[in-house]
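Colleague: this one's structure only:
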């Protein structure tokens, strides 16, 4: 089951942080069709946020077709976003962790790394790699 976390300094609305985390988990295979999301009550208890915020995130995910609520049972994943093999994800995650370590050793902070990554991602899209 997914464990949500919040970054109050991100500038991203709380409900969107929850939506993004579910989508990331779907993309990476951490959540699969049939898996249950934490109940609104569980998320509120863990994160000390308003229940309407969690409900809004779950409604957004439901509207996009990723989850479905089942009255009295919870909210369940309907479809995944993942592609690629789990072994590929493991290898790529290890490579990315090494890259982050190298960036930190070079004195880059998170903002620097995000900007660099976004630039390389945009360049690869222009070159037709992505």
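Modeller: Received, thanks. Worth saying up front: this structure is predicted, and the values here are computed from it rather than measured.
Colleague: how is this structure carved up into domains?
Modeller: Domain assignment for the chain, taken from automatic domain parsing, gives 14-77, 86-126.
Colleague: turn the ones you listed into JSON lines, including mean pLDDT, distance to residue 5 and mean neighbour count.
Modeller: Quick note: C-beta positions are derived from backbone N, CA and C, even for glycine. Listed next are these as JSON lines, based on pLDDT from 0 to 100; distance: least, CB to CB, whole Å; neighbours: other CB atoms under 10 Å:
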{"stretch": "domain 14-77", "mean pLDDT": "95", "distance to residue 5": "7", "mean neighbour count": "16"}
{"stretch": "domain 86-126", "mean pLDDT": "88", "distance to residue 5": "15", "mean neighbour count": "11"}
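Colleague: could you export the ones you listed as CSV, including distance to residue 8?
Modeller: Shown next, in CSV, are these (distance: least, CB to CB, whole Å):
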stretch, distance to residue 8
domain 14-77, 8
domain 86-126, 15
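Colleague: specify the stretch among those domains that is closest to residue 4.
Modeller: domain 14-77 (5.7 Å; CB to CB).
Colleague: among the domains of the chain, which is nearest residue 6?
Modeller: Nearest to residue 6, of these and by CB to CB, is domain 14-77 at 5.7 Å.
Colleague: and residue 100, how far is that from residue 16?
Modeller: 24 Å (CB to CB, to the nearest Å).
Colleague: residue 118 now?
Modeller: Relative to residue 16, and taking CB to CB, residue 118 is found at 18 Å.
Colleague: which residues touch the longest helix anywhere in the chain?
Modeller: Criterion DSSP state H: the longest helix present in the chain is helix 86-105. Identification of contacts with helix 86-105 by CB atoms under 8 Å, 6 or more residues apart in numbering yields 28-29, 112-113, 116.
Colleague: tell me the one among those nearest to residue 55.
Modeller: residue 28 (24.7 Å).
Colleague: chain neighbours aside, what residue packs nearest to that closest one?
Modeller: Counting by CB to CB, 6 or more residues apart in numbering, residue 28 lies nearest to residue 89, which is 5.9 Å off, once chain neighbours are set aside.
Colleague: ok, residue 16 next?
Modeller: Spatial nearest neighbour of residue 16, chain neighbours left out: residue 57 (7.5 Å); criterion: CB to CB, 6+ apart.
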